[in-house]
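**Student:** Predicted model follows, preceded by the sequence.
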Amino acid sequence: MERAFEKKSVGRVPRISRLMALAIHFERLIQDGVVEDFADIARLGHVTRARVTQIMNLRLLAPDIQESLLDLPGTTTGRDPIRERQLRAITAESHWGKQRAMLLKRWKYGGIPRLWRTS
């Protein structure tokens with residue numbers, strides 16, 4: 001007999017999704033005055049300021065890209081499809097339309113969230 005509410009495996013939350021959430025949290029800590037700057041976050045997290053900057057640069061992505069990173073499906077096997085290092089050049093681009101184009105070129109529609117597709 002099959003259970004009506006069988007638990008399905010959803011995989012693990014992709015690291016890039018966790019880093020995106022962390023960047024949002026760090027920004028809130030600074031806005032609320034809990035920490036003063038990236039250096040404070042680095043000291044508290046026992047990481048370098050450069051690493052905090054890499055994480056915080058995810059906030060420079062277009063809002064829909066950030067949302068897509070947060071909503072990525074869980075990884076059930078193998079490596080995560082998107083890694084922070086792969087997004088660094090894209091975070092350096094300030095024009096959101098160009099960011100989207102860079103994503104499309106980078107992943108060539110292979111496994112990228114539908115939100116990034118321009119049709």
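**Tutor:** Yep, it's here.
**Student:** what number of residues lie near the closest residue to Arg83 other than its chain neighbours?
**Tutor:** Counting by CB to CB, 6 or more residues apart in numbering, Arg83 lies nearest to Ile16, which is 6.3 Å off, once chain neighbours are set aside. Backbone N, C-alpha and C define where each C-beta goes, glycine included. For Ile16, the tally of surrounding residues (other CB atoms under 10 Å) stands at 20.
**Student:** And the helix or strand that contains Ile16, what's buried?
**Tutor:** For Ile16, the element it lies in under DSSP states H and E is helix 15-31. Judged by neighbour count using 16 or more other CB atoms under 10 Å, the buried positions of helix 15-31 are Ile16, Ser17, Leu19, Met20, Leu22, Ala23, Phe26.
**Student:** In contact with the first one: list those residues for me.
**Tutor:** Ile16 makes contact with Leu69, Leu72, Asp80, Ile82, Arg83, Glu84, Leu87 under the criterion CB atoms under 8 Å, 6 or more residues apart in numbering.
**Student:** List only those of the residues you listed flagged as buried.
**Tutor:** Taking 16+ other CB under 10 Å as the criterion, what is buried in those is Leu69, Leu72, Asp80, Ile82, Glu84, Leu87.
**Student:** Can you name the helix or strand that the second one falls in?
**Tutor:** Per DSSP H and E: Leu72 is located in neither a helix nor a strand.
**Student:** For it, which residues are in contact?
**Tutor:** Leu72 makes contact with Pro14, Ile16, Ser17, Pro81, Ile82, Pro113, according to CB under 8 Å, 6+ apart.
**Student:** what about stretch 76-92, how long is it end to end?
**Tutor:** End-to-end distance for stretch 76-92: 30 Å, by CA to CA, to the nearest Å.
**Student:** Let me see the mean pLDDT of it.
**Tutor:** For stretch 76-92, the per-residue pLDDT values average out at 92.
**Student:** Which positions in that stretch come out as buried?
**Tutor:** For stretch 76-92, using 16+ other CB under 10 Å, the buried residues are Asp80, Pro81, Ile82, Glu84, Leu87, Ile90, Thr91.
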